[in-house]
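S.K.: Pasting the sequence and the predicted model now:
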Amino acid sequence: MVELAEGTEWKHASLLHLMSKQSQILKALQVGLVALCATVVYETTEPICFPRMSVVQSQIITIIFAGCVGFRISFIIRQREKAAEQKRFTFSKCA
């Protein structure tokens, strides 16, 4: 019986590890999708709003914009992770 229980625990731990990896992949895909959508919207509206902008100016602004979008997305995700971690810590402390 003890071996079965230990094996079962190992299987649960393995499953949780697998789910954690899938969660990380889904988060990365979500970030990529949001960044892609933001860039598409930006690239679509840029020539409409600034029709006389040179190609070099456009590329420089696009690089700065993409960097800011990436930073903002990672900042938001990090804040959410910290809040979830704090919530788990508070919950485990109460239990």
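M.R.: Arrived safely, thanks for sending.
S.K.: could you point out where this protein is predicted with low confidence?
M.R.: Applying pLDDT under 70 to the chain flags the ranges 1-19, 91, 93-95.
S.K.: where along it do the helices fall?
M.R.: Along the chain, counting by DSSP state H, helices occupy 2-49, 55-94.
S.K.: TSV please, covering those helices and showing mean neighbour count.
M.R.: Glycine gets a C-beta too; all of them are placed from N, C-alpha and C. Compiled in TSV, those are given as follows (neighbours: other Cβ atoms under 10 Å):
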stretch	mean neighbour count
helix 2-49	11
helix 55-94	11
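S.K.: Lys27 and Ile76, how far apart?
M.R.: From Lys27 across to Ile76, the span is 11 Å (Cβ to Cβ, to the nearest Å).
S.K.: Now for the two: what residues contact both?
M.R.: Overlap of the contact sets of Lys27 and Ile76 (by Cβ atoms under 8 Å, 6 or more residues apart in numbering) is empty.
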